[in-house]
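J.: sequence plus predicted model, see below.
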Amino acid sequence: MNRHPQDPPLLRAVAIAIALGFLGLVVIVPLVSVFAQAFSKGVGPWWAAVSHPDTLAAVRMTLIAALGSVPLNTAFGISAAWLVTKHRFPGRRLLLSLIDLPFSVSPVISGLVFILLFGAQGWFGPWLQEHDLKIVFAWPGMILATAFVTFPFVARELIPLMEEMGTRDEEAAVMLGAGGWDTFRRVTLPGIRWGLLYGVILCNARAMGEFGAVSVVSGHIRGETNTLPLHAEILYNEYDFTGAFAVASLLTLLAAATVVAKLQLERKLSR
Amino acid sequence: MKRTLPGFRFTLFITVGWLVLLVGIPLAGLFLRAASLPLRELVGILLDERTLSAFRVSFGTAAMAAAINAIFGPVVAWTLVRYRIPGHRILDALIDIPFALPTAVAGITLTTLYAETGWIGSLLAPLGVRVSYTQLGIVVALVFVGLPFVVRTVQPVLEDFPAETEEAAALLGASRWQTLFRVVLPALLPAITTGALLSFARCVGEYGSVVFIAGNMPNETEILPLLIITRLEQYQYTEATAIAAVMLLVSFALLLLGNRFQARLAGKVSR
C-alpha cells in the first residue's frame, strides 16, 4: 500500500474527519447508546429484566429457532457448494441465482408466504386444522421462517472458497479409490473448515436476530412464540425501556461476538 | 470438465429438494394466489391511494439512503484502505455491525437517539428538525442498514487499484486532488453504483429497523412491509398478497441487475 502516492495533509485530515464522523454518528453512537440505556438505572434493573421468566422463555424460543434452522441450512449449504463447484451441468448458473433468492425477499414477505401456505386461510390450512396441527403461530412456523431467511448463508460462504480450491485434490483421492464421503471428509473438509465455521456463525447470527419474518408467523404469543428480538419489541411498546434495552444489549453482545469471530476467521482464511 | 467426482445425484437431490420445499413452494404459492385474482381487483389494490403512497415512501427513502451511502461510503473505504490510522482494525470491524446487529435493536436504539428527548434528537429539536416519526427518520435507519453494502463493495476495488495509475497521473502533472477526482473516482464509480444498488434493494424490503422510527402514519411514513403486515392483521390476505407479489418482482429485477453489475465488477478486478 505504501507505493501509492502520499496524500496532502489537508486531504488526509478531511477524509479521516468525514469517515470518523460518519461512522461515529451511524454506528458507534447507536452501539454505545444501547448499553447506556440498558444500564441507565444500574445493574440491578438490567439483571431483573434479563433474568425475567419472559426473557428466559424468549431465549429458549430463540435457541429453538436457531437450532431448528441452522443445521438444516448448513447441510444444505455443504451439499449445494459440492454440487455447483465440483460438477458442471446445465442449469448450474440458474441454480446459483436461485440459492441467493431469499436474500432479496423482504423479511415480512418471508413470513407471509408461510401464512399463505399454513394459515387458517392457507392452502394447507383446513387440512392442518382437521388434524389438529399448528404450524404458523407456533414453533414450527418460527423455524420455517427462520430457515427461509438464513437459507443462503452457508452456501454463499462455501461456494467461492470451494471454487477456488478446484477439483484436483478430490479427483486424485477418487482415483486412489476413496469413496465420495471419505473424499469430502478427508480432502475437502480440512480446506474449508474455517469458511464453513464462518458461514455457520453468520447464519446463526441472522437466525437469532431475525425480526420481520418471525414477527409475521409468531402471532406474538408471550412465553410461547416470542424470540428475543420480538420480546424487545413488546417491552419497548409497553414503555419498559430499561427492559427493552436490556434484551437489546444481549443481542448486541451476540452481534459483537459475531463480528469478532469473523475477524479472527478472516485472518485464518487469508493465511 | 470431466464428471469424475462422485456425489452428483446425492447433492443434486438434497440441494434442489430443500430449495423447492423451503423456497420454491412458498414463493410459488404466493404468486399463484396473486395470479388468481381478477385483474381489476389487482389493479384496484395497487392503485389504492394508501398503497401508492407506501410505494413512494419505501422507494424514495431507500433511494435517499443509497445516495447518502454512495457519498460517504467511498470516503470511509478510502480512509480504511489508505490511511493506517490507529484503531483501523476496529473501525473496519464496525462496518459489519449493521449486518450482524438484529434489526429490531437498531430500530429501538435509533428511535430513542433521535427522539426529541434523545442524545441526538435533543440537539436537533432547537433547530426545528424532527427525525423520529418522520420520513427523515426512515432515511436515518436505512443509512445504517445500507452502510456495509457500499463500503464492502468499494474496499476490494480500492485495495487492488494499481499504484502506477496514480503515479502516472502525478508524473503528468496532475495535483493529488485532480488525480483523486479525475482518475480514482471514475475508476470507483462502477463499484459505488453496485454498492448503492445492493443497498437500495435491501432497504426497500427492510422492516425491523424502520418500523419503530417511522411513526407509521398512513400516506406519510408507512412503508410497504408495514402495509403488508397491517393488511394481514385485518385479515385482508388478498391485499397483502398482491402488494407482496409486486414487491417481489421488483426485488428480483434489482437482484438480477445487481448480480450483473457485480459480475462485471469481478471481471474488472481480476483483470
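T.: Ah, there it is. Numbering: from 1, shown residues only, chains lettered A, B, ... in the order given.
J.: quick one: is the helix or strand hosting A:Val70 near chain B?
T.: Assigned by DSSP states H and E, A:Val70 falls within helix A:53-86. Yes - remark: helix A:53-86 sits within contact range of chain B at A:Leu72, A:Ala75, A:Phe76, A:Ser79, A:Ala80, A:Trp82, A:Leu83, A:Lys86, by Cβ under 8 Å from any Cβ of the partner chain. Quick note: C-beta positions are derived from backbone N, CA and C, even for glycine.
J.: could you say what helices and strands that helix packs with?
T.: Counting contacts by 3 or more Cβ pairs under 8 Å, 6 or more residues apart in numbering or on different chains; DSSP states H and E, helix A:53-86 packs against helix A:92-100, helix A:139-150, helix A:153-165, helix A:189-209, helix A:228-237, helix A:241-270, helix B:8-19.
J.: list the buried residues for that helix?
T.: Of the residues in helix A:53-86, those with enough neighbours to count as buried (16 or more other Cβ atoms under 10 Å in any protein chain shown) are A:54-55, A:57-59, A:61-62, A:64-66, A:68-70, A:72-74, A:76-86.
J.: got it, and stretch A:96-112?
T.: In stretch A:96-112, counting by 16+ other Cβ under 10 Å, buried: A:98-99, A:101-112.
J.: which of the residues you listed are close to chain B?
T.: A:Leu98, A:Ile99, A:Leu101, A:Pro102, A:Phe103, A:Ser104, A:Val105, A:Ser106, A:Pro107, A:Val108, A:Ile109, A:Leu112.
J.: from those residues, pick the one nearest chain B.
T.: A:Ser106 (2.8 Å; Cβ to the nearest Cβ).
J.: ok, that closest one touching B:Ser251?
T.: Yes - using Cβ atoms under 8 Å, A:Ser106 is in contact with B:Ser251, at 7.0 Å.
J.: who touches both of those two?
T.: B:Val204, B:Gly205 (Cβ atoms under 8 Å, 6 or more residues apart in numbering or on different chains).
J.: which pLDDT value does the model give A:Asn2?
T.: For A:Asn2, the pLDDT comes out at 49.
J.: swap in the one 10 residues further on?
T.: A:Arg12 is assigned a pLDDT of 91 by the prediction.
J.: show me what contacts it?
T.: Contacts of A:Arg12 (Cβ under 8 Å, 6+ apart): B:Tyr83.
J.: what does A:Gly180 give?
T.: A:Val174, B:Leu5, B:Pro6, B:Gly7, B:Phe10.
J.: now these as JSON lines including pLDDT?
T.: Shown next, in JSON lines, are these (pLDDT from 0 to 100):
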{"residue": "A:Val174", "pLDDT": "91"}
{"residue": "B:Leu5", "pLDDT": "87"}
{"residue": "B:Pro6", "pLDDT": "89"}
{"residue": "B:Gly7", "pLDDT": "89"}
{"residue": "B:Phe10", "pLDDT": "94"}
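J.: just the buried ones from the residues you listed?
T.: A:Val174, B:Leu5, B:Pro6, B:Gly7.
J.: tell me the two of these that are most distant?
T.: The largest separation in these, counting by Cβ to Cβ, is between A:Val174 and B:Gly7 at 10.0 Å.
J.: circling back to that earlier point, closest one of the residues of helix A:53-86 next to chain B to B:Leu113?
T.: For the residues of helix A:53-86 next to chain B, the nearest to B:Leu113 is A:Leu72 (37.2 Å; Cβ to Cβ).
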